[in-house]
Structure formats: structure tokens, C-alpha cells
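>>> sequence first, then the predicted structure:
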Amino acid sequence: MTRDAALAGLPLTLRRTWEKDAQPPRLVSIFGRSVGRETEVHYLFDRGAADYEETTVVVGGEIGSLVPLAPAASWQEREIHDRFGLIFAGHPDPRPLLRPWQPAPPVSAPNGTRRWPPDAAAGIGAEFIPVTGNGVTEVAVGPVHAGIIEPGHFRFSTMGDRVIFLELRHFYTHKGTEDLLAGMDAAGATPIAESVSGDNCLAHAVAYCQALERIAGVEPPPRAQALRGVGMELERLANHIGDFGALCGDVGFAPMPALASRLKEDLLLASLAFCGTRYWRGIAVPGGVTMDPGEQARAALARAVAAAGREFAELGGRALRNPSVQARFDGAGVLTPQAARDFAAVGPVARASGAPLDLRRDRPYGAYRRRSVAAARLAAGDVMARAQIRMLEAAAAVEFLRATLADWPPGNVRDRFPAGAEGRGWAAVESPRGELVYWLLLQQGRIVRCHIRSPSFQNWPALPPAVIGGIIADFPMINKSFNLSYSGCDR
Amino acid sequence: MMGDLLLRTLRSPSRLVPLDALRCTNAGGSRMPQVLGGRLNADLADRLAAICPTEAMRRGSDSGGRWFELDYGECIGCGRCAAAAPEAVLPAVHLEACGVRREALVHRWSVDTGKEIPPQTAEPPRLDRWLGRAVNIRQLDAGSCNGCEAEIAALTNPYYDLERWGAHFVASPKHADLLLVTGPVTRNMAEAVRQTYAALPAPKLVVAVGACGCSGGVFDASPAVAGGVDQVIPVDAYIPGCPPTPAMLLTGLAAVLQRRLGRRGAGRVSAEAVKARSATAGAGSVASRANPQSS
């Protein structure tokens, strides 16, 4: 489909938004909401301004697809099709996304919805895009993987060792979280946000709380902001150290995963001593946080972070200077800056492919308004760059934690959160995996619609371009260098 | 260069969490509640039941009078009960109910007398003796949020070192004696869970992990979720928590495998030992025992 044809198919308001600038905006999210027999489709774009730009279109039945203009829209539109029964005309991949292996009706489609006709995907293959030819072998992996990992399916087409095509089939852990949240008392629903992605639970809780606070017009006290900031940077540090160790483990560099798992546990135990939980569950609540550690606890945490940070910087540097590690990491799994832009990749993955995208710097929130974080950026886009970016960000997190814990704001940690908040709003935080967006619509304090755009949902489609062309034996390492959450994606 | 790293590993002091800390303070940091039955009254029971987001706390009455119930299998440790009624609910430091039958996760008290009503539980799960001292564990994520996986993965770090007990994580259910299942079983994973169970050789021991694995947890009401693990395959034992701490996972597995953690005759934890430990430690007890930097 040509650009003009794709533009002509779009609703007028959306076309105007898209054409406003010479440079097309970055697609943040597309999501739907049932309004009677029609569907309200929301488009969130990032044009670099302080606020995201939201365009809303109400349609019944059919709407033009944005995919020919923005490939990143593909999964978003397929999800809306599955959940709300909306046809995206001109979508190049009209197959179900959320529950393709079940004949059951979609999770929340209202009556009178429309489906892509059964032959819409003709030529694509109902289940997997077929790759044929002499010597092509198909390798199916998952959903049950060979380790302590979440479930998902990967379908490789290989020619010898070389991967010539890869398709993902996820959403095995789809828990209907957004539907579950609808109707709930907003102030009490934080535990659900914490269970969207269990190793980034504080980032999810804070993003959820910030969206609520924005709607209610509440600004948590500075000390609460500092505590959230400390927790989120600790979460990033622990995740990056763990990922780095696992990445070295995937290329057989055995000492590093053992040392990294120890450093990660040091940090979890320091968290436990600091606030009584290892992963900061139950800490962030609308209006603030639920605990206020004293000076001694802060000093102890600062010591633990400094020790872990020092050791990780030294050990990680040594690992990356090791020739056997370099031979595997260098030049493997390249995500080009162009592919990163096309798929609107976020987080460390994008920053390792040249995209200067970090919400802590671009749209400072909470503690980052008081204290900035050194933003890392590399251009190579290979596994080595994604390993290095984690080391750089770990060092920046250590510095942020040192400075924040030393300069502790006075005051209380929790303000009363008003009952019966109404309105709509979004909040975005930089989780360890990247930009995490919560969009909320409230009525009398209850959730009408909650949309969760996790960084993993955005980044998973950017994985195949980095894998295709490499050898299949590199896949675990490349996948680990992205380290995306399945549950965060599937929700 | 690699030699340097290995030398450092060998020279660094042992990080192993002492066994009595594992046993006596296994729930430290889990945020699971401990109810002081003697402080219960009808008004408090009502309040607690109303505040609990997963209905893990319930009250009712039967011929024996009014009762109050806490189901650890549904508890996500949100801490609201302990915040609302600190006089009657404390953060638990030790949790016996790890690696037990489902009924044994439910604790019930008489609201009138404050006495605990013992659960009518079946015999604890028994592992065939022929498994001896080695057990192969296959971890299966049936739809979890990855929180339980993070803690299960922590079992292999130098603090907990699961392999001390001859337990290994294996890559295929066909190699496994025990299936460690996390998460609410999603509708999309139900068939994969059934097939994984079918591939497991006898005796097919299954342990459900976490609030979601035990009961569906916060996702139980979702139509995209089938429920707890036992809605799809038979389950022998349950380890509660959201997520369970590594120490809870270890004590739970030890209970299922009938291993003693520590000295002969120290298999069960005496009430005095827990009390002594709780008095000197707090929620961060495991940390203060194990981590020289945080003490």
C-alpha cells in the first residue's frame, strides 16, 4: 500500500495529526474502549512536547490501519481487533493476536462487532507465516521453555545454522488484567498493577499511582517522591545486574552469573532491611508511600548500594574485556537505528540503538525533577551495546541513589488521596525495560478503563529483526540482551 | 582474567543463610500476616474481612459459634490488615504452612473464644522413598507475573544454594520428579500445563507456588484465567506468598521432600525458637543474619 493510499484510509483527525509535522511522531500506544455499539480508539503520540498528544476517534466496525505508515502499530491494532471487534482496513497481518489458539469469542468484544474474514490472512497462513524452499527447516520453541522462564512461542525458519525468519506467538500469560481492573475501586487496585510484571513491580505501581494522582490533582510529598525514586533505581540496578550476569551465562562465561546473582541478592536483602520487602510490593500507594525508613536504614542502604555498584562495575568491565565474551557479543543481534525507530522501540534496547529516549530526562517526574540521571546512549545496536548500556545505567543508578539518600527531603510520606476522583489521564515512567504507560479513565473513584502499555509489548516485535540473519545458537543470548517480560506484554 | 574472577569467588566468604534463620524466619519480608487469635472480636473480624482485597480473610458462623478465617493461599501480603489492626495482626516472621495440603493453608479461629480451630487436613504429601537424596525439579510458569520466577531463580544463588539438598532444576518435564508450578493457570496456558503434567514420569509430584498458584490470587476473577493450579492438574502441596521468599520456598520444598533443614531432630521448629528469633529480629531478619553490609 502506498503512503498516500494509507493516509487516505485514515480518519480525518488522525490524518491531520500524522501530517502535522514533516517528521512523523513516535507512536506511544493505540488502544480501544467500548462506547455502546461503537469503539473509541485512542492514539497516543510523542512529538517531544511535555505532554503526549492524544487523538481519539469513535468508529463502528471499520477503521483504516496505521501500520503502512507506522509498523509499530501492528500488534496494537491486532489487540484492539481481538478485544473490541474492530476491523483495521489495510492491515498487512490480519490475524488474531491475543488468543489465536482458541475458538472462543474475544475477551471483551461487545455485541455487533466485526471480525477479519477467515480468508483475510490467506497467503499469510492462519497460524504461522510459511517459509518454504529447499533446505528450510522450521524450529518450534515453547511455550514451555527449558529453564525458569515465562512461557511464549518462537517459530524459527532456518537454513542450516542461519535464521532466515522468526515469528513470535505470545500472550500465553494473558490474564485479562485490563478487563479485571475495570469496575474496581481505583485507590485500592495497586496490587493488580504490581502483578503485571513481577520483577518491575514498583515501576508498575508508581506509573499506576502517578496516573491516579494526575487525575485527582494530588502531588505526593517530596519525601515520598524520593522514596519512590530510590526504589525504582534499586529495581533498575538489581534488574540490570541480574540481566548482565544471565547474558554472560548464555555464552558460557560461568563466573559472572554466579557473581551477579550474589550481587542482586545483596541488593534484595538490602531492600528487605530498608523497607521490609524484597521487591517493594505494597510500598507505593496513591498519594505517597507506606513506609518511612530512618536515617540509619538509609545509611545502610547507601553502603550496600555503593558496595554492589563498585563490585559490579569492576566485574562487569572484566567480563566485557574477556575475548571469549567479546567474540560472542560483538556484532551479534544488531537492531539498526532504523528498525528501532520503525518499531518505536523503548528503553535500554532503543538507547543501545542510538535513540535518545529516556523519560527520566525527557519528561522528568517525581524524584527525577529534583535530580537528573545521566542518560546513556550507544549506537552499535548489538548485544555488546545492550550489555554496555546496562553497565552505564547501573553506574548512573548507583550515583542517583548515593546523592538522593544523602540529601533526604523532610516531611511526611503520604497525603490523603481523595475519594471519588473523576476524569482521564496518563502517566509514564522509565521502568528498567523502558517507557511504561498507564492510561486511566475514572468515574466516581472507580476504574472505567485502564490501558497498560508495557515496554515489553512495544519491544517484542523489534526482536525478530535483530535475530534474523544470525545463527540460531545466538538466539538465547540475543533474547536475553533484550530481556523482555512476557507477562508485562501479555497482561 | 577469568582465573581472577574464579579466585575471587573462591576467596569470598560464604554467603549461605544459616539454616536456623531459614527455618525460623522463613517468612521475614514476605508480608504475610500473623493473626493473634486472642485479640479477635466480632467487630475486628468484620473490619478485617472488609479490608482484605482477595477475601483471604473471612468470617462466618456455624454450630460451633462465630469463626474467623485466614487463607494463606489467597493472601497477597498487601499489609492492609496489619496497618488497620496492628494490635491483632503482625507481619509474620515464621510460616509453618509451606509445602502443605491446601486445607492446611486455612487457619480458623473462634471469634468467641479466640482459640484456633485446627484444620481438618489430610496427611501431608509423602514422597516415595526411592527418590533418595536427589530430586529433579521442573519449574513451570502457567501464567505468573514473573515474581515467583524471580524468587525461584534466587534459590540457585550463593545465599540459598538449593543444590546442597541434591535438588536440581531440569530442562524437561520428562527428567523431573517434581513440577513446581507458578501463576494462575491462564486459559491460554491450560493445555500446555496438562501436556507438561502428562510428560512428567511417576510419581508426578506437583507443588503449586504463590498466591496465584494456590488460588488464582488477584487474577482469580478474570475470565481469561482458569484459576489456581489445582483447577487444571492434581496438586500435592502448596507454598503460599506473593511472592514466597526463597526461605519459604526452601522450607516448603523441604517439607514436601521430608528433608530436615539442619541438625537431626531439628526438623520441626519449636515455638520457643521462633519466639526467640522474632524477638531479636524483625521483618528484615534474614537480611540481618546473612548480609554483613546491611547489619
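Received the coordinates, thanks. Numbers count the residues shown, from 1 in each chain, chains lettered A, B, ... in the order given.
>>> and residue 179, its phi and psi?
You didn't say which chain, so I picked chain A. For A:D179, the backbone dihedrals (degrees, to the nearest 10) come out as phi -70, psi -40.
>>> actually, chain B is the one I wanted.
Taking degrees, to the nearest 10 as the convention, B:L179 sits at phi -100, psi 120.
>>> same question for B:Q34.
Given degrees, to the nearest 10, the pair of backbone angles that B:Q34 has is phi -120, psi 120.
>>> who's in contact with the residue nearest to it when sequence neighbours are not counted?
Taking CB to CB, 6 or more residues apart in numbering or on different chains, and ignoring the residues beside it in sequence, B:Q34 has B:A92 as its nearest neighbour in space, at 3.9 Å. Placement of C-beta: from N, CA and C, glycine included. With contacts defined as CB atoms under 8 Å, 6 or more residues apart in numbering or on different chains, the neighbours of B:A92 are B:A27, B:S30, B:M32, B:P33, B:Q34.
>>> next step: these restricted to strands.
Within these, membership in strands is found for B:P33, B:Q34, as judged by DSSP state E.
>>> pick the one among the contacts of B:A92 closest to A:V448.
Lowest distance from A:V448 to the contacts of B:A92 (CB to CB) belongs to B:P33, with 32.1 Å.
>>> any idea what that closest one is bridged to?
Legend: beta-bridge partners of B:P33 under DSSP bridges are B:P91.
>>> any idea how far it lies from B:G79?
8 Å (CB to CB, to the nearest Å).
>>> ok so, going back, specify which member of the contacts of B:A92 is nearest to B:R102.
Taking CB to CB as the measure, B:M32 is the one of the contacts of B:A92 closest to B:R102, at 16.3 Å.
>>> wait, that closest one touches B:P240, no?
Yes: using CB atoms under 8 Å, B:M32 makes contact with B:P240 at a distance of 7.1 Å.
>>> tell me, what's touching those two both at once?
Taking CB under 8 Å, 6+ apart as the contact criterion, the common neighbours of B:M32 and B:P240 are B:Y72, B:C75, B:L95.
>>> count of residues packed around the nearest residue to the second one once chain neighbours are set aside?
Beyond its immediate neighbours in the sequence, the residue positioned closest to B:C75 (CB to CB, 6+ apart) is B:A56, lying 4.1 Å away. Number of residues near B:A56 (other CB atoms under 10 Å in any protein chain shown) recorded here: 27.
>>> B:A56: what's it in contact with?
The contact partners of B:A56, taken as CB under 8 Å, 6+ apart, are B:L70, B:D71, B:Y72, B:G73, B:E74, B:C75, B:I76.
>>> what's the closest non-adjacent residue to whatever residue of the stretch 301-450 of chain A ends up closest to chain B?
Scanning the stretch 301-450 of chain A for the residue nearest chain B gives A:A304, at 4.6 Å (criterion: CB to the nearest CB). Nearest in space to A:A304, with sequence neighbours left out and distances taken as CB to CB, 6+ apart, is A:A270 at 3.6 Å.
>>> cool, and B:R80?
B:I51 (5.1 Å).
>>> same check on A:R361?
Nearest-residue entry for A:R361: A:A375, 4.8 Å, with adjacent residues in sequence omitted and distances by CB to CB, 6+ apart.
>>> where does the stretch 351-491 of chain A come near chain B, residue by residue?
A:S485, A:Y486, A:S487, A:G488 (CB under 8 Å from any CB of the partner chain).
>>> pLDDT at the third one, what is it?
Confidence per residue is given as pLDDT, and for A:S487 that number is 94.
>>> could you break chain B into its assigned domains?
Using automatic domain parsing, the domains assigned to chain B come out as B:21-121, B:129-256.
>>> go on, chain A?
The record's domain split for chain A, according to automatic domain parsing, is A:3-121, A:177-482.
>>> what's the local residue count around residue 61?
Picking chain A for this. Around A:G61 there are 13 other residues, counting by other CB under 10 Å.
>>> wrong one, I was asking about chain B
Taking other CB under 10 Å as the definition, B:S61 ends up with a neighbour count of 11.
>>> now A:L272
Taking other CB under 10 Å as the criterion, the count of residues near A:L272 is 25.
>>> and whichever strand or helix holds it, average pLDDT?
With elements delineated by DSSP states H and E, A:L272 resides in helix A:255-275, which encompasses its position. Model confidence over helix A:255-275, given as mean pLDDT, is 93.
>>> that older thread, so which of the domains of chain B is nearest A:R223?
If you check each of the domains of chain B against A:R223 by CB to CB, domain B:21-121 wins as the nearest, at 18.4 Å.
>>> so A:L272 sits against B:A27, correct?
No: with the criterion set as CB under 8 Å, A:L272 and B:A27 do not qualify as a contacting pair; they are 11.9 Å apart.
>>> identify, out of the domains of chain A, the most deeply packed stretch.
Per residue and on average, the most neighbours among those fall to domain A:177-482, with a mean of 21 (mean count of other CB atoms under 10 Å in any protein chain shown).
>>> distance from that one to the middle of the chain?
Here domain A:177-482 is found 9 Å from its chain centre; the criterion is CA atoms, centre = their mean, to the nearest Å.
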